[in-house]
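Asks: With the input below, show me the fold.
(one chain, ligands or ions: 2)
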Amino acid sequence: MSPDRVPPLGGTTDSLWLGVLAAAAGRCQCRGACGKSHAKDGGRCQREHGGYQQHHGGGTVRLIVAPANPADLLLPPHRTAALPKRHLAAWCPPCHDGARTLARRHQHATTPAAEPDALFDL
Ligand SMILES: [Zn+2]
Ligand SMILES: [Zn+2]
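Replies: Ligands and ions are numbered 1, 2, ... in the order given. Predicted coordinates for the structure are as follows:
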């Protein structure tokens with residue numbers, strides 16, 4: 001009963017979603033932003049749209065179109081929808097979740113009170 005594919009971002013058109021996916025060659029564009037190095041996959045996640053995944057419940061991989069910059073993954077949906085195509089990337093769900101979690105952690109880590117020694121390493 002699940003839909004055949006992930007719907008595009010709220011407010012974006014289907015052609016944008018397809019365009020981003022085409023530019024990514026239908027493959028997750030994560031190069032480690034999720035926290036995994038993807039070293040055994042040549043530095044880039046191997047998950048392809050429509051491919052089979054053994055983990056995360058199995059089934060078919062459905063790539064998500066989301067901001068290429070992990071920090072932008074924290075933007076509210078209406079801001080995300082306003083991003084131009086060149087600022088978007090195709091993500092597989094595990095990488096998308098991982099990158100967003102890391103971005104959130106990074107955001108917390110860059111608040112003035114946290115770890116000042118790591119911020120100004122001149
Ligand atoms: Zn991925
Ligand atoms: Zn990844």
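
Asks: Identify the residue spatially nearest to residue 88, adjacent ones excluded.
Replies: Using C-beta to C-beta, 6 or more residues apart in numbering and skipping the chain neighbours, the partner closest in space to residue 88 is residue 20 (4.8 Å). Where C-beta positions appear, they are placed from N, C-alpha and C, glycine not excepted.

Asks: three-state assignment of the one you found?
Replies: Classification of residue 20 using DSSP: H, G, I helix; E, B strand; the rest coil returns helix.

Asks: Share the number of residues neighbouring it, please.
Replies: 25 (other C-beta atoms under 10 Å).

Asks: Which pLDDT value belongs to it?
Replies: For residue 20, the model assigns a pLDDT of 94.

Asks: Please apply the same query to the one 3 residues further on.
Replies: Residue-level confidence at residue 23 comes out at 94, pLDDT.

Asks: now swap in residue 13 and tell me
Replies: Note on residue 13: pLDDT of 59.

Asks: Can you name every helix or strand that the longest helix along the chain contacts?
Replies: Secondary structure of the chain per DSSP state H: the longest helix is helix 93-109. Packed against helix 93-109 by the contact rule (3 or more C-beta pairs under 8 Å, 6 or more residues apart in numbering; DSSP states H and E) you find strand 64-67.

Asks: Next SSE downstream of the strand it packs on?
Replies: Using DSSP states H and E, the helix or strand that follows strand 64-67 in sequence is helix 77-81.

Asks: Alpha carbons of the helix or strand that comes right after that next one, in PDB - could you do that?
Replies: Moving toward the C-terminus from helix 77-81, the next helix or strand (DSSP H and E) is strand 88-91. What follows is strand 88-91, C-alpha atoms only, in PDB (Å, rounded to 0.1, in the frame of the first residue of the first chain):
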ATOM      1  CA  LEU A  88      19.700  20.200  -3.700                       C
ATOM      2  CA  ALA A  89      20.900  16.600  -3.700                       C
ATOM      3  CA  ALA A  90      19.500  13.100  -3.700                       C
ATOM      4  CA  TRP A  91      19.800  11.400  -0.300                       C
END
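
Asks: Fine by me, thanks again.
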